[in-house]
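Visitor: Build me a structure from this.
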Amino acid sequence: GDLDRLCTLINAVREEILQGQTLLRGDANLVYLEDVLDRIAKDAQERLIYASERVLRVEVEGFRPTPSDLEYPEKLEEYWEAKLGGREGGKEGGKESKKEGEREEKKKGGALTTGDGSIGAVLPLYATWFPTLRMTLTLLSKIYRAVEIHVFQDMAQQ
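Guide: Coordinates of the predicted model:
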């Protein structure tokens, strides 16, 4: 949502406009435009930092796990069973490798999907990650190119 829009704005102003067009022209009149665009980029970065810190505070620090979030050995075992079952045709010794009523899973494009190939049944590796790890890494991957490196490092350490 807002994080994506801010990242896009910052990248557009910094990389495409400031570095790409105005600096190549070398026009003295564009110096004022560069100042305005630089202020816009810095303002967007401040907003991005604030929004990112809020996400970290509310969604990561304030996270309350559900019982399904804490079923860690089972999640990993299901993932590996599905992965191995998909490579071996989903059967072990002539019997289905999954419990009755569950759909057979097949490996498809780096992710695991059910036999019917439905999108809702995709089981990528990050599905086994604890939710706060997934949220944190997603946030950091969004802001990496949009903020200065020292700001990114500070946020990554939090």
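Visitor: okay, CA-based contacts and neighbour counts for the rest of this
Guide: Fine.
Visitor: For stretch 57-65, buried residues please.
Guide: Val60 (16 or more other Cα atoms under 10 Å).
Visitor: what ranges of the protein fall below the confidence cut-off?
Guide: Counting by pLDDT under 70, the chain contains low-confidence residues at 16, 18-31, 86-123.
Visitor: which residues of it fall in helices?
Guide: Ranges of helices within the chain are 2-11, 23-25, 30-55, 72-87, 131-143, 149-157, based on DSSP state H.
Visitor: Take the ones you listed and write them to TSV, including mean neighbour count and distance to Gly62.
Guide: Listed next are those as TSV, based on neighbours: other Cα atoms under 10 Å; distance: least, Cα to Cα, whole Å:
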stretch	mean neighbour count	distance to Gly62
helix 2-11	17	19
helix 23-25	11	44
helix 30-55	16	9
helix 72-87	16	20
helix 131-143	15	10
helix 149-157	12	17
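Visitor: Contacts for stretch 146-158, please.
Guide: 7, 10-11, 45, 49, 53, 140, 143-144 (Cα atoms under 8 Å, 6 or more residues apart in numbering).
Visitor: from those, which two are the most distant?
Guide: For the contacts of stretch 146-158, the maximum inter-member distance is 19.5 Å, found between Asn11 and Glu53 (Cα to Cα).
Visitor: Look up the closest residue to Lys75, ignoring the ones flanking it.
Guide: Distances taken as Cα to Cα, 6 or more residues apart in numbering put Thr128 closest to Lys75, at 6.0 Å, once the chain neighbours are dropped.
Visitor: Report the contact partners of Ala51.
Guide: Under the criterion of Cα under 8 Å, 6+ apart, the neighbours of Ala51 are Leu3.
Visitor: can you rerun that using 10 Å?
Guide: Taking Cα atoms under 10 Å, 6 or more residues apart in numbering, we find Ala51 in contact with 2-3, 6, 45, 57.
Visitor: Of the helices of the chain, which is nearest Phe63?
Guide: helix 131-143 (7.2 Å).
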